[in-house]
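Trainee: structural data only, the sequence is not supplied:
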């Protein structure tokens, strides 16, 4: 785990802060440029919001071979294997798209990668737009390990594709809008409550490193880490030392905040925003769900993969869409000058595991 020391800076614990890990080399948010990508979706119902598309997607759990939100045409696209399933999707108000690989096949490919390719600097995610498992290797993966990874991916045939990222996949604790502890700082993700008591969420790797938190460098204690889960997942629950309620909002770095009223599941293709003290607010799209990332510190699964950039100092900060909390910044590679990809711990899973809720 690397730490970056920064100059003192006042933080506002009443808003969701920023911080995080290095961010990323990005996947295109539109149709991926992978060989053998499924054909574009035909015309279908348009004018649908991402939230409505997410609700509609649940109707096709028994039919779908993967779903994503087409933000250009504002429609839900559902991958199918045959015309019978396509008819069901059309009748349900979504747009079908014929693909070659079933979800069962793609999940089996991901399981093979978990069994054979658990090496630091790699990640993978089922990408419904590409109809493949997209495997990434960063610059720390040496020639020998890259050759081994290539063989594994080649054996998966049309179910997988390998990409090489020039950055380094990692997690960092650093400056933020900001919560401080033990010479490092992380970001407040979302204010929550548990049994009527005020808490906040941040990244699990932050809570593992810091037990006592302040809102200024070397300042008085304002909160204590109660639960920290990392690796495997990446979330922490931190209890305020006072019982004063804290508004659940996100700092937009323009003098305003975004109120957060609920937590929701991300959808591939959904436009999202991230807040972080190093880089401010940045937007992008969800490019994959249930991603597995092999950090140097350990493997984390179940993450949201995005084309949003982040940099050291954004760790633990919030991913959101309007008033809906989606994720906590976990890690990635790249930067906000050249572009990057960032992974997020889903908020609903963290809230369920911790017995907490958006306040």
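Mentor: Here it is on my side, so go on. What you see is a predicted model; the values in this text were computed from it and never measured.

Trainee: contacts, neighbours, all on C-alpha from now
Mentor: Will do.

Trainee: give the residue farthest from the middle of this structure.
Mentor: residue 84 (33.6 Å; Cα atoms, centre = their mean).

Trainee: now do it, the pLDDT please.
Mentor: Looking at residue 84, its pLDDT stands at 95.

Trainee: then residue 309?
Mentor: Note for residue 309: predicted pLDDT of 94.

Trainee: tell me how this protein divides into domains.
Mentor: Listed domain ranges for the chain are 1-25+166-359, 50-98, 114-164 (source: automatic domain parsing).

Trainee: and of those, who's closest to residue 42?
Mentor: domain 50-98 (7.0 Å; Cα to Cα).

Trainee: first-to-last residue distance for the closest one?
Mentor: 22 Å (Cα to Cα, to the nearest Å).

Trainee: ok so, going back, columns distance to residue 41 on top of the domains of the chain, output as CSV?
Mentor: Output for the domains of the chain, formatted as CSV (distance: least, Cα to Cα, whole Å):
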stretch, distance to residue 41
domain 1-25+166-359, 13
domain 50-98, 5
domain 114-164, 10
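
Trainee: just these: most buried one?
Mentor: Sort the domains of the chain by mean neighbour count, taking mean count of other Cα atoms under 10 Å, and domain 1-25+166-359 sits at the top with a mean of 23.

Trainee: which stretches of the protein form helices?
Mentor: Assignment of helices within the chain using DSSP state H yields the ranges 50-57, 83-91, 103-116, 143-155, 204-209, 347-354.

Trainee: can you list those in CSV and add distance to residue 240?
Mentor: As requested, these are exported to CSV (distance: least, Cα to Cα, whole Å):
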stretch, distance to residue 240
helix 50-57, 32
helix 83-91, 47
helix 103-116, 38
helix 143-155, 45
helix 204-209, 14
helix 347-354, 15
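
Trainee: which of those helices sits closest to residue 259?
Mentor: For residue 259, the closest of those is helix 347-354, at 15.7 Å, according to Cα to Cα.

Trainee: which residues touch that closest one?
Mentor: If you take Cα atoms under 8 Å, 6 or more residues apart in numbering as the criterion, helix 347-354 is touched by 235, 237, 263-265, 325-328, 357.

Trainee: looking at the residues you listed, which two lie furthest apart in space?
Mentor: 237 and 265 (19.2 Å).

Trainee: quick check: the residue nearest to residue 336 when sequence neighbours are not counted vs residue 54, distance?
Mentor: Closest residue in space to residue 336, ignoring its immediate chain neighbours: residue 309 at 5.2 Å, by Cα to Cα, 6 or more residues apart in numbering. Per Cα to Cα, residue 309 is found 24 Å from residue 54.

Trainee: coming back round to it: ok, the residue farthest from the centre of the chain - contacts?
Mentor: By Cα under 8 Å, 6+ apart, residue 84 has no neighbours at all.

Trainee: how close does it sit to residue 132?
Mentor: For residue 84 relative to residue 132 (Cα to Cα), the value is 22 Å.

Trainee: over to residue 260?
Mentor: Distance from residue 260 to residue 132, by Cα to Cα: 34 Å.

Trainee: mind listing the strands for the stretch 51-200 of the chain?
Mentor: 67-70, 75-80, 95-98, 122-127, 132-137, 160-164, 172-173, 178-181, 184-187, 190-194, 197-202 (DSSP state E, counting those that start in this stretch).

Trainee: figure out which of the ones you listed is closest to residue 253.
Mentor: strand 178-181 (12.8 Å).

Trainee: just give me how far that closest one sits from the chain centre.
Mentor: Centroid displacement of strand 178-181 relative to its chain, using Cα atoms, centre = their mean, to the nearest Å, is 22 Å.

Trainee: and for stretch 54-64?
Mentor: 21 Å.

Trainee: contacting residues around that stretch?
Mentor: 67, 76, 78-80, 85, 88-89, 92, 265-267.

Trainee: can you redo those residues as JSON lines with distance to residue 317?
Mentor: Shown next, in JSON lines, are the contacts of stretch 54-64 (distance: Cα to Cα, whole Å):
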{"residue": "67", "distance to residue 317": "27"}
{"residue": "76", "distance to residue 317": "28"}
{"residue": "78", "distance to residue 317": "31"}
{"residue": "79", "distance to residue 317": "32"}
{"residue": "80", "distance to residue 317": "36"}
{"residue": "85", "distance to residue 317": "40"}
{"residue": "88", "distance to residue 317": "40"}
{"residue": "89", "distance to residue 317": "36"}
{"residue": "92", "distance to residue 317": "36"}
{"residue": "265", "distance to residue 317": "17"}
{"residue": "266", "distance to residue 317": "16"}
{"residue": "267", "distance to residue 317": "19"}
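
Trainee: which one among those residues gets closest to residue 277?
Mentor: residue 266 (22.9 Å).

Trainee: if we ignore the residues flanking it in sequence, what's nearest the closest one?
Mentor: Using Cα to Cα, 6+ apart, the nearest residue to residue 266 is residue 326, at 6.1 Å.

Trainee: show me the contacts for that neighbour.
Mentor: 263-266, 318-320, 346-348.

Trainee: now pLDDT and distance to residue 300 too, for these, in CSV please.
Mentor: Shown next, in CSV, are the contacts of residue 326 (pLDDT from 0 to 100; distance: Cα to Cα, whole Å):
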residue, pLDDT, distance to residue 300
263, 97, 21
264, 96, 20
265, 96, 18
266, 97, 18
318, 95, 18
319, 97, 18
320, 96, 20
346, 98, 12
347, 98, 15
348, 98, 16
